[in-house]
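Undergrad: below are the sequence and a predicted model; questions follow.
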4 protein chains.
Amino acid sequence: MTTDLRAQALAALAEQTIELPSWAFGNAGTRFKVFSTPGVPRDPFEKISDAAQVHRHTGAAPRVSLHIPWDLVDDFGKLAQHATDEGVSIGAINSNLFQADEYKLGSLTHADPAVRAKAVAHHVQCIDVMRATGSTDLKIWLPDGTNYPGQDDITDRQERLAESLQQIYAELDPEHRLILEYKFYEPYFYTMDIPDWGTSLLHCLALGDQAKVVLDTGHHAPNTNIEFIVAQLLRVGRLGAFDFNSRFYGDDDLIVGAADPFQLFRIMNEIVRADALRPDSGVNFMLDQCHNIEPKIPGQIRSVMNVQEATAKALLVDREALRAAQRSGDVLGANGALMDAYNTDVRPLLAELRESKGLPADPYRAYAASGHAEKAAAERVGGQQASWGA
Amino acid sequence: MTTDLRAQALAALAEQTIELPSWAFGNAGTRFKVFSTPGVPRDPFEKISDAAQVHRHTGAAPRVSLHIPWDLVDDFGKLAQHATDEGVSIGAINSNLFQADEYKLGSLTHADPAVRAKAVAHHVQCIDVMRATGSTDLKIWLPDGTNYPGQDDITDRQERLAESLQQIYAELDPEHRLILEYKFYEPYFYTMDIPDWGTSLLHCLALGDQAKVVLDTGHHAPNTNIEFIVAQLLRVGRLGAFDFNSRFYGDDDLIVGAADPFQLFRIMNEIVRADALRPDSGVNFMLDQCHNIEPKIPGQIRSVMNVQEATAKALLVDREALRAAQRSGDVLGANGALMDAYNTDVRPLLAELRESKGLPADPYRAYAASGHAEKAAAERVGGQQASWGA
Amino acid sequence: MTTDLRAQALAALAEQTIELPSWAFGNAGTRFKVFSTPGVPRDPFEKISDAAQVHRHTGAAPRVSLHIPWDLVDDFGKLAQHATDEGVSIGAINSNLFQADEYKLGSLTHADPAVRAKAVAHHVQCIDVMRATGSTDLKIWLPDGTNYPGQDDITDRQERLAESLQQIYAELDPEHRLILEYKFYEPYFYTMDIPDWGTSLLHCLALGDQAKVVLDTGHHAPNTNIEFIVAQLLRVGRLGAFDFNSRFYGDDDLIVGAADPFQLFRIMNEIVRADALRPDSGVNFMLDQCHNIEPKIPGQIRSVMNVQEATAKALLVDREALRAAQRSGDVLGANGALMDAYNTDVRPLLAELRESKGLPADPYRAYAASGHAEKAAAERVGGQQASWGA
Amino acid sequence: MTTDLRAQALAALAEQTIELPSWAFGNAGTRFKVFSTPGVPRDPFEKISDAAQVHRHTGAAPRVSLHIPWDLVDDFGKLAQHATDEGVSIGAINSNLFQADEYKLGSLTHADPAVRAKAVAHHVQCIDVMRATGSTDLKIWLPDGTNYPGQDDITDRQERLAESLQQIYAELDPEHRLILEYKFYEPYFYTMDIPDWGTSLLHCLALGDQAKVVLDTGHHAPNTNIEFIVAQLLRVGRLGAFDFNSRFYGDDDLIVGAADPFQLFRIMNEIVRADALRPDSGVNFMLDQCHNIEPKIPGQIRSVMNVQEATAKALLVDREALRAAQRSGDVLGANGALMDAYNTDVRPLLAELRESKGLPADPYRAYAASGHAEKAAAERVGGQQASWGA
């Protein structure tokens, strides 16, 4: 790698931030079983403290997404202050449309206007949390869908959804964004109401400039080329955020980069190519994962490191050589220019970056040595461990 | 359809039985939410009573599979008697290897011999239940697997599994069968320890003649030709049972025939072709489904009807015409012979069959009119509704 | 079925038309082998004659799509007259961007402006053919893509594509449409340049009202809910046409309805629901198939019949009952309303329709008895049989 | 990496060999187009010369698979001598069951005994080529299958296949192996007759010890865990060979390691774990790819390098650390032990290995500088370039 590329990479990596989900620190699982782990947080304050551990050791994770109602507290000012005290801040506010009994057949798309009104009102509440915490992103993952052909009318549901979203959008402050996620399937199995980027984008275009698409890396059909979607959404100015995780099969929610590190690199390559790594690019890089069997904080640290490594490799692509090969139709040469960067071991570069910031060279080992896990397990006795359902 | 085909079909349909899973009558859901429904059973006795409703209206569902420990009772003789009183009997006994905390990293495959011993002992308990209830099928679905490459050694786990299965197999009585299910993914996401029919079959071959493969129609990779597997397992004499359900994406566990009725017909066509519909063929036709949003008993009734309709169509295939077209290389003619049967409306034939047995022509409507749902909702107040977790 | 539904269905079916592709009458195959068949046409005139056989026996296939340059003739007026003489007319004009050596690395997206200019000029030629034949649809399937990550820049290719399409669009007459197809993969394997409906739609929106999306039923990721896309494109007024065929795996191009007849029914159900079956709805129902091993004309006849049967079933859905069940949240009732129509044997209804028009009740058998196949095989000796490459 | 691991890796890499397919040096393509390239070989002698270029620069590809009839020559002794002169030898002999007109509906599975006899006789011819060239592997990829449900009887085809294979197997010399490949789909689309490893294994078990399974990395359902199959086949002693290539979608036949380098590493990790990299392990590591748009010899060189890099990484796994983490249930630690090796840049190690053998450190660049491509393009004028069809 040239000296210039190296220096530029270090500078860009120094600015890169990744947002952590509060729920990653609680227990998670499959429909078959949620295993519990000693030391898991029992309330939003403890979740933020755990998230702060990740930031403390990586220096790259200064924000925490909240999930309402899981992270409801009486005094959000106090929670935001707690975050500040821990060295982090509140990120996106996530609404929840999948746990109320009324939502069995839909929320923002439900045939009953009263149910839709309840779901819209929930977002007004979330926007209040945004105001109370300084958050600017309202993230909506719509879990609505149907299980059986004919169960409900696909088009009617789209129309109800458009209307509900419009009502929510109207409540936003000027500095707020509504970021809208799509998902291929689950929790419904015949069709989701926002199954793909095209549907999410159509709704965003109808809403206005403050609406952007969220790309969750696990929410696609098998074999989908995700970096193509990244490039396309960047091209039309509507990529609002990532929910990073990885998968071998369905929406496995494994540690980002664990299943296909080359795909993560290709995604970050499109980000770097479009100059969208910049903090002011409008793309929020978030994690959304389930640590079903591994410890949560180390799982999040490994995730942050994986994103950093993929980013570092993308930053090391010799773009002049790449462009030259592409322009001349040198298929293997162009592919080789990309692979040269991918095949580079960037761990020393990132270690150097961390040490230059006064951080441990290896955050994973540093956390393990910190004693926090043992301390949490010893102290957090009693109460109800946080999990998806609470 | 010729008179002969019709008569033969009626005779075969009159003998066909489908086994119901006790857990289908409890609540089910996704990792996001389990919705509850009024009137859902609170114990194994009520589950069997509900299963008996399905048999009462269809005449085709005389057995109920139990799941241990969900269906543990103090006195299995009493439960079996309750079944008899309700007009049904106990079918396969299903073990549970996915809900003990020790099984987080595996059960029959776990690196720790103590955990494996516990999992083996659970099956000894299940075999005792078989003896107490007259059941002859021990059904093992192995949920074991790993989430991350390297997490454990694939081959070591196979060896441990082989040894654990051998220990269980050694406990069987001569009239018992061990039926072994495979699953492509979930609850683990890097690899399952029995992910495909080939792996299940290898273990069955190693165990002996009392071991057979269970084919769950939702447990395959996308696009897999399931009827090919059915034909192959029948050819080598190792198809022990079906777990019927349907899917659009992953293991959706929808009502059998709901997602792809033509596939169900093609499966039943291989069954009929191999003369494996006969009650003594050794193939146990079972349902395994989740009624997440629809009422349970009607969902099971619809499922039984769907299997009956697919079977009726398969029985109506004019096999002489089919063979003649196949032998002469008449691609469209052979396909047409199959499709002629599929395109037939067999509902009148099944109505006729039911009425000849003194059953309602339309079991779905008859159940709706029976008042059982309203009665159960009114009476089953208090207690804990059964669900996957209990 | 009620009398009214039946009468409405007959009226709608009487108006339904399906467009045939000229290339379906030539030889086709896989990359491994193209098998030849006696009697296959050797020029566009014979292809149209064969297509006319399909219309003669079904009464439902009055148009033939042409493919340029495969169907280039010196005098398109003469070809159009030949079509008229045979009782059919010329439908969509399909361009070809995948067989010139220059297109190895792209056509409308190629890095070299000269190659793009050639590809644009080819469409100007196609538009001339439209004028000469009275065709109004210019169909573009863009086969462009890349095989290796890094091979070319995804975004640059989108920009070049947008510019090329704009140049083509500018050439259209006011009554012309540009209909733009997407494809998930093949002939390129890392990414296609129009891989999904979202990308096709974005380009259509940028072009203007005369640009519409073509949905080929074989061009999606595994498990994709196609009828959702149909509903979405109808909702935004951009569904221009179907390319009908069916698949079990990739883009198998099998006879429509052969792999998943229930899916075809669900697609037609969305069409009927949106009142888009009307001849003036702007949706062109076209076939695009490969008859690799079966005879071509019977393959096309079977395809037309399959679309008719799916349509008939969709027309028989009791929409009042369906809506009532949907509105009341009766999941199984709503699904049941749909399935009642699907389970109906509509072959007698279609036989009645055909006989009322003076057509044979069974077009497949009538064609077989017509002697055309034997006549063509005897007369079409010498010359070069048409196939994909010529 | 420790000194020991490094030394062991170098020693193992020095012995590793990869077999090249003669057909990779001819033109290849999709059903849409086969693009031609200047300098492509016109006969088997030129193919072997080109393959020898790969060995000359990598030192790791000393064998060439032949494909009959594509590589039929009058005097196989002369061809073998030519190979020797070029520094390589003849590897596996591949039969061809997909290009005779009689095979349209099947070859070894055909309903007509005369067609089956022809297909069997072709293998007798291939075994003669083995004797003439010193080859010991008869590789059978069975392309047979059906396109439409009902087209032929699945079980009958299995029985015919078993019988045909038995006839071929009976012709083998004691030192010969029959290696049997499976494929999920293509060139047939309803079902293949050997679609999965289970079916291939069942036939091999029935044949005897000289029959082994060939695993083509592109021949699986989406999301299939291939390394699990590798481990399983090694466990039962039936992994005979690999056909290496890579894919994003179907059977894309791209350069091995190009689509998912991490998967290739995981596969090689199972090989190393089972000590099956040894030259006498019975596993033949072969390439089977299509260089549709890239130059052939560089494509093969890149492929060999990719396999070497994946192998090197697998050899660098600290197996003691891995085992320790696995045994203690340290999920992230065990995964981390694997990833440490994967994240290592092994290119310097391989450069060192090559230079120690007197080979160029970078075979790809060395070949580009050799002038061979230009020379071949200049000299190979006239004649018919080799491709799949000839």
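TA: Nice, thanks for sending it over.

Undergrad: and stretch A:148-167, how far from the chain's centre?
TA: What separates the centre of stretch A:148-167 from the centre of its chain is 26 Å, taken as C-alpha atoms, centre = their mean, to the nearest Å.

Undergrad: same question, stretch A:327-336
TA: 33 Å.

Undergrad: ok, whichever residue of the stretch 101-250 of chain A sits closest to chain D - contacts?
TA: The nearest approach of the stretch 101-250 of chain A to chain D comes at A:P222, 4.1 Å away (C-beta to the nearest C-beta). From N, CA and C alone the C-beta is placed, and that goes for glycine too. By C-beta atoms under 8 Å, 6 or more residues apart in numbering or on different chains, A:P222 lies in contact with B:P222, C:A221, C:P222, C:N223, D:P222, D:N223.

Undergrad: what do you get for A:P195?
TA: A:G145, A:Y182, A:K183, A:F184, A:Y185, C:N225, C:F228.

Undergrad: counting neighbours, what do you get for whichever residue of the stretch 251-390 of chain A sits closest to chain C?
TA: The nearest approach of the stretch 251-390 of chain A to chain C comes at A:L338, 3.2 Å away (C-beta to the nearest C-beta). Counted with other C-beta atoms under 10 Å in any protein chain shown, residues neighbouring A:L338 total 25.

Undergrad: what's the pLDDT at it?
TA: At A:L338, the model reports a pLDDT of 98.

Undergrad: for it, helix, strand, or coil?
TA: helix (DSSP: H, G, I helix; E, B strand; the rest coil).

Undergrad: does it really touch C:P149, like I thought?
TA: Yes. Counting by C-beta atoms under 8 Å, A:L338 touches C:P149, with 5.6 Å between them.

Undergrad: circling back to that earlier point, give me the distance between the residue of the stretch 101-250 of chain A closest to chain D and A:R247.
TA: For A:P222, the distance to A:R247 equals 10 Å [C-beta to C-beta, to the nearest Å].

Undergrad: on that earlier part again, now render the contacts of A:P195 as JSON lines, adding secondary structure and neighbour count.
TA: Shown next, in JSON lines, are the contacts of A:P195 (DSSP: H, G, I helix; E, B strand; the rest coil; neighbours: other C-beta atoms under 10 Å in any protein chain shown):
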{"residue": "A:G145", "secondary structure": "strand", "neighbour count": "25"}
{"residue": "A:Y182", "secondary structure": "coil", "neighbour count": "24"}
{"residue": "A:K183", "secondary structure": "coil", "neighbour count": "24"}
{"residue": "A:F184", "secondary structure": "coil", "neighbour count": "23"}
{"residue": "A:Y185", "secondary structure": "coil", "neighbour count": "22"}
{"residue": "C:N225", "secondary structure": "coil", "neighbour count": "24"}
{"residue": "C:F228", "secondary structure": "helix", "neighbour count": "24"}
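
Undergrad: what would those look like in CSV with pLDDT and distance to B:D318?
TA: Converted to CSV, these look like this (pLDDT from 0 to 100; distance: C-beta to C-beta, whole Å):
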residue, pLDDT, distance to B:D318
A:G145, 98, 41
A:Y182, 98, 47
A:K183, 98, 45
A:F184, 98, 41
A:Y185, 98, 38
C:N225, 98, 34
C:F228, 98, 37
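
Undergrad: tell me where the stretch 1-150 of chain A has strands.
TA: A:19-21, A:63-67, A:89-94, A:137-141, A:145-146 (DSSP state E, counting those that start in this stretch).

Undergrad: residues contacting A:G257?
TA: A:G257 sits next to A:S246, A:L264, A:S303, A:N306, A:V307, A:E309, A:A310 when contact means C-beta under 8 Å, 6+ apart.

Undergrad: could you tell me which of those belong to helices?
TA: Judged by DSSP state H, the contacts of A:G257 include A:L264, A:S303, A:N306, A:V307, A:E309, A:A310 as members of helices.

Undergrad: out of the residues you listed, which are buried?
TA: Among those, the ones that count as buried by 16 or more other C-beta atoms under 10 Å in any protein chain shown are A:L264, A:S303, A:N306, A:V307, A:E309, A:A310.

Undergrad: just the closest of those to chain D, please.
TA: Taking these together and measuring to chain D by C-beta to the nearest C-beta, the closest member is A:E309, at 7.4 Å.

Undergrad: got a list of what the residue lying closest to the closest one once chain neighbours are set aside touches?
TA: Setting aside the residues directly before and after it, A:E309 is nearest to A:V346 in space (C-beta to C-beta, 6 or more residues apart in numbering or on different chains), at 5.4 Å. By C-beta under 8 Å, 6+ apart, the contact list for A:V346 reads A:E309, A:A312, A:K313, A:L316.

Undergrad: any idea how far A:N225 is from A:N343?
TA: Distance from A:N343 to A:N225, by C-beta to C-beta: 21 Å.

Undergrad: using CSV, list the CA coordinates for stretch A:16-36.
TA: What follows is stretch A:16-36, C-alpha atoms only, in CSV (Å, rounded to 0.1, in the frame of the first residue of the first chain):
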residue,chain,number,x,y,z
GLN,A,16,-15.5,6.4,11.7
THR,A,17,-18.3,5.7,14.2
ILE,A,18,-20.6,2.8,14.6
GLU,A,19,-23.8,2.9,16.5
LEU,A,20,-24.7,0.2,19.0
PRO,A,21,-28.2,-1.2,19.7
SER,A,22,-29.2,-1.2,23.4
TRP,A,23,-30.9,-4.5,22.9
ALA,A,24,-27.7,-6.3,21.9
PHE,A,25,-26.7,-6.2,25.5
GLY,A,26,-29.8,-8.1,26.6
ASN,A,27,-30.6,-11.7,26.1
ALA,A,28,-31.7,-12.9,22.7
GLY,A,29,-32.5,-16.2,21.0
THR,A,30,-34.7,-18.0,18.6
ARG,A,31,-38.3,-19.0,18.9
PHE,A,32,-37.0,-22.2,20.5
LYS,A,33,-35.1,-20.8,23.4
VAL,A,34,-33.6,-17.6,24.8
PHE,A,35,-30.6,-18.6,26.9
SER,A,36,-29.6,-16.3,29.7
